[in-house]
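S.K.: quick one: sequence plus predicted model below, questions after.
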Amino acid sequence: MWSSRRFTMASISGVLQATMTVVLILAGFIVLFLMYYKSSPSPKCYPRPAHPGQLKKPVLLLWFWPENKRFDFKDCKTLFNIDSCHLTDNRALYSTAREVLIFHKAIKDDLSNLPSSPRAKFQRWIWFNMDSPTNTRQIKGIEGLFNLTLSYRKDSDIQVRWKLGTEKASGDFVLPKKERSVCWIVESSELLNKSDDRFNYYRELEKHIKVDIFDSSSDELVNGENYFQTISSCKFYLSFEDSIHKDYITEKFNGPLAVGTVPIVLGPPRMNYEDFAPGNAFIHVNDFPDAAALAEFIQKLDGDNEAYMRYFDWRQFYTPRRHLTDQHQFALAICQACRHVALHRVYRVVKDVHKWFFE
Ligand SMILES: *[C@@H]1O[C@H](CO)[C@@H](O)[C@H](O)[C@H]1NC(C)=O
Ligand SMILES: *[C@@H]1O[C@H](CO)[C@@H](O)[C@H](O)[C@H]1NC(C)=O
């Protein structure tokens with residue numbers, strides 16, 4: 001009996017103990033739940049976005065349309081599969097914009113067309129310039145305004161240029177039909193009275209070899225789709241840059257590469273070109289002592305199909321891509337800025353944008 005009573009007492013305290021444990025665990029859960037519930041945002045303050053995720057994307061405000069070349073921001077998705085920011089040209093969104101993209105050429109000398117309201121702590125301004133230093137004017141007062149740079153230079157925060165695709169080419173390369181030997185698209189008035197490196201070289205070259213000239217200011221054959229057609233109909237194309245600077249290698253080089261024509265380049269040294277394209281894809285004017293020697297080489301190559309075709313060997317490994325023209329001329333730069341700002345959020349100041357760019 002005693003033992004059974006003791007047994008009963010023990011079993012009662014056991015039940016009590018178990019009950020207490022359950023109650024404590026439940027209380028713990030309730031406290032945790034309350035803590036969670038208190039800290040989670042009230043649904044009233046944050047209505048569900050119409051498109052989930054959209055509100056999370058950083059707003060990138062394009063302050064000026066470069067050279068008035070407007071395009072649909074949705075094209076970033078369709079052309080480059082870039083969809084990581086909320087691109088807008090609506091200046092009313094200035095205060096919420098995390099980044100503001102400012103096209104250098106459009107800035108007025110007195111800076112009066114820059115944003116005038118103070119910028120938020122988190123906001124970064126991006127200096128946007130695709131020209132070379134020779135073609136860029138210095139604007140007093142902009143030196144300390146920017147947080148990021150976007151240009152053709154490899155040491156920019158956001159570097160923009162076409163790179164050759166590296167996937168294996170689909171199918172064998174077929175040389176497009178050629179109707180001309182050496183071609184050049186250039187403004188005819190400049191051809192008449194300009195005398196920088198490229199025109200001086202051209203004047204020497206044309207003494208020894210015929211060059212087909214297309215006037216970039218008037219010729220129908222250089223607009224839109226015709227531009228690629230025209231270059232493609234030539235065996236060689238004069239990819240002469242208008243000024244010579246490291247990394248300043250433009251669409252003048254990309255155009256012929258993309259359409260199956262051999263570029264003859266004048267610009268930074270060969271090594272710099274080889275940062276962007278295989279060395280056997282182009283002819284550099286510096287490979288020859290003078291224009292006469294280059295002309296002789298081109299003439300030989302013109303008559304030797306096997307040697308000429310070797311300039312396309314690289315196509316087994318690389319797929320070139322056309323650059324965008326006309327209204328989409330700046331689309332790649334703008335879309336890349338969008339991609340960059342969504343991925344990189346460091347605090348940064350460009351101390352003196354002029355010093356960096358012009359030295
Ligand atoms: C260059 O030549 C063109 C002729 O095609 C002429 O109209 C123009 O005024 C010239 N420009 C200069 C700066 O001499
Ligand atoms: C951006 O640059 C400005 C001016 O140099 C500077 O005052 C600001 O703190 C920078 N902001 C960020 C987010 O990097």
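M.R.: Received, thanks. For clarity, every value in this text was computed on a predicted model and none was experimentally measured. Ligands and ions are numbered 1, 2, ... in the order given.
S.K.: residues near the nearest residue to residue 84 once chain neighbours are set aside, how many?
M.R.: In space, not counting the residues next to it along the chain, residue 84 is nearest to residue 342; the distance is 3.5 Å by C-beta to C-beta, 6 or more residues apart in numbering. Any C-beta I mention is one placed from the backbone N, CA and C, and that applies to glycine too. Using other C-beta atoms under 10 Å, residue 342 has 19 neighbouring residues.
S.K.: quick check: the residue of the stretch 1-150 of the chain nearest ligand 2.
M.R.: For the stretch 1-150 of the chain, the residue closest to ligand 2 is residue 147, as judged by C-beta to the nearest ligand atom, at 3.8 Å.
S.K.: got the confidence number for that residue?
M.R.: You'll see residue 147 listed with a pLDDT of 94.
S.K.: any idea how far it lies from residue 265?
M.R.: Per C-beta to C-beta, to the nearest Å, residue 147 is found 34 Å from residue 265.
S.K.: between these two, who's got more neighbours?
M.R.: It is residue 265, of residue 147 and residue 265, that has more neighbours when counted by other C-beta under 10 Å, with 26 against 18.
S.K.: who are the neighbours in contact with the spatially closest residue to residue 135 that is not a sequence neighbour?
M.R.: Counting by C-beta to C-beta, 6+ apart, residue 135 lies nearest to residue 243, which is 6.4 Å off, once chain neighbours are set aside. Taking C-beta atoms under 8 Å, 6 or more residues apart in numbering, we find residue 243 in contact with 132-135, 196.
S.K.: could you do residue 276 as well?
M.R.: Counting by C-beta under 8 Å, 6+ apart, residue 276 has contacts 161, 163-164, 249, 253.
S.K.: export the residues you listed to TSV and tack on neighbour count?
M.R.: Below are the contacts of residue 276 laid out as TSV (neighbours: other C-beta atoms under 10 Å):
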residue	neighbour count
161	21
163	13
164	18
249	23
253	24
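S.K.: same list (those residues) but as a markdown table, adding secondary structure and distance to residue 115.
M.R.: Rendered in a markdown table, the data for the contacts of residue 276 read as follows (DSSP: H, G, I helix; E, B strand; the rest coil; distance: C-beta to C-beta, whole Å):
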| residue | secondary structure | distance to residue 115 |
| --- | --- | --- |
| 161 | coil | 28 |
| 163 | coil | 33 |
| 164 | coil | 38 |
| 249 | coil | 33 |
| 253 | helix | 35 |
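S.K.: so what does residue 235 have for phi and psi?
M.R.: Main-chain torsions, residue 235, degrees, to the nearest 10: phi -80, psi -30.
S.K.: just checking, it touches residue 177?
M.R.: No: Residue 235 sits out of contact with residue 177 when judged by C-beta atoms under 8 Å, with a separation of 10.8 Å.
S.K.: neighbour count winner among those two?
M.R.: Using other C-beta under 10 Å as the criterion, residue 235 and residue 177 rank with residue 235 on top: 21 against 8.
S.K.: ok, that one - contacts?
M.R.: Residue 235 sits next to 178, 180-182, 261-262, 302, 308 when contact means C-beta under 8 Å, 6+ apart.
S.K.: how much space separates the residue in the stretch 1-150 of the chain that ligand 1 sits nearest to from residue 146?
M.R.: Closest approach between the stretch 1-150 of the chain and ligand 1, counting by C-beta to the nearest ligand atom: residue 135, at 16.5 Å. Relative to residue 146, residue 135 is positioned 19 Å away (C-beta to C-beta).
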